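1. I would like to see how this sequence folds:
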Amino acid sequence: MVDSLKKGSQSIAALLTDVDGTLVTKAKVFTPRAIEAVRKLQDAGIAFFVTSGRPPRGMRMLVETLGLKDPMAAFNGGMIVLSDLTVVDERRLPADLVPAIIDTIRAYGLDVWIYGATDWYVRDPQAPRVAREASTIQFPPTVVPDFGGLDDRVVKIVGVSDDLESVARCEAEAQRLYGGKVSAARSQPYYLDVTHPTANKGFVIERLSRYLNIPLECIAAIGDQPNDVLMFQRCGLSIAMGNASEEVRRQATYVTTSCEEEGFANAVENFILPVAKGKGESHGR
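-> Here you go, the predicted model:
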């Protein structure tokens with residue numbers, strides 16, 4: 001159930017949204033209402049941006065379906081790309097840490113995927129969730145016997161397992177071991193994403209604020225996973241999806257319905273548009 005609108009909401013000039021589990025359904029498709037909600041934002045003068053753990057090539061379908069023209073944050077901010085996928089910024093993991101990170105992930109029984117700027121690498125194409133990922137990002141992995149020789153081109157390392165407790169424990173251990181040297185957070189309960197320390201959604205929203213030249217408090221964010229909390233903590237208005245965990249929901253300003261129940265469209269209509277401040281209005285700077 002959608003929370004009622006809270007009093008004293010900050011006027012909003014931009015919305016930053018997660019993709020999987022937020023903007024699209026579990027089947028990775030847009031509903032007509034979600035597409036219409038983006039159009040309503042644009043008509044109201046609200047800047048609309050997306051950030052995702054997906055690689056740039058996996059975000060092409062967003063551009064085509066939503067008619068996006070602004071930059072997008074792939075790999076949770078590890079790469080900023082234009083709508084034609086031209087790279088604006090790329091932040092690779094420190095090469096000297098890559099082998100140790102891989103070892104840590106394997107120690108918890110998780111499979112390892114490696115992402116570079118244009119390709120992703122796996123050792124076993126039949127491993128859990130590989131086929132699903134290929135369908136989601138719409139291109140297949142490169143199969144390698146090992147990850148040797150890739151250390152200096154890694155933008156993201158993913159630990160994958162259907163043992164969700166192991167993924168959570170591995171997340172905590174990666175954060176403990178590598179601290180500020182990396183950003184480590186679950187993008188899904190079964191995915192642990194490890195990226196450059198400034199490649200996370202908290203930094204994405206700060207960069208968006210500078211790009212738009214508007215205060216953080218005039219930006220809204222919506223998402224469903226622990227890695228989305230980093231943008232919740234910095235924005236003026238945050239919305240958790242109904243399919244988010246209690247841990248995520250309690251850190252948001254509002255909770256909308258799930259991604260299977262038009263949660264994105266409901267959030268736009270109930271929480272964003274009522275406090276919209278168009279691009280032409282003063283943002284207090």
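2. Okay, strands next: where are they in the stretch 151-285 of the chain?
-> Using DSSP state E, counting those that start in this stretch, the strands of the stretch 151-285 of the chain run over 156-160, 183-188, 191-195, 219-223, 237-240, 254-255.
3. pLDDT of the third one, averaged?
-> The reference is to strand 191-195. The average pLDDT within strand 191-195 is 96.
4. How about the fifth one?
-> Mean pLDDT, strand 237-240: 98.
5. and it, how far from the chain's centre?
-> Strand 237-240 sits 14 Å away from the centroid of its parent chain (Cα atoms, centre = their mean, to the nearest Å).
6. Partner strands of it, with direction?
-> Paired neighbours of strand 237-240 in the sheet (DSSP bridges): strand 219-223 (parallel), strand 254-255 (parallel).
7. could you give the angle of the first one to strand 183-188?
-> So that's strand 219-223. Strand 219-223 runs at 60 degrees relative to strand 183-188, counting by axes from the mean of the first three to the mean of the last three Cα atoms, to 10 degrees.
8. Restricting the selection to alpha carbons, write strand 219-223 to PDB.
-> This file holds the C-alpha atoms of strand 219-223, laid out as PDB (Å, rounded to 0.1, in the frame of the first residue of the first chain):
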ATOM      1  CA  ILE A 219      16.500  15.600  -6.000                       C
ATOM      2  CA  ALA A 220      14.400  12.500  -5.400                       C
ATOM      3  CA  ALA A 221      15.600   8.900  -5.600                       C
ATOM      4  CA  ILE A 222      13.800   5.600  -5.900                       C
ATOM      5  CA  GLY A 223      15.100   2.000  -5.500                       C
END
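9. Please state the offset of that strand from the chain centre?
-> Relative to the centre of its chain, strand 219-223 is centred 11 Å away, using Cα atoms, centre = their mean.
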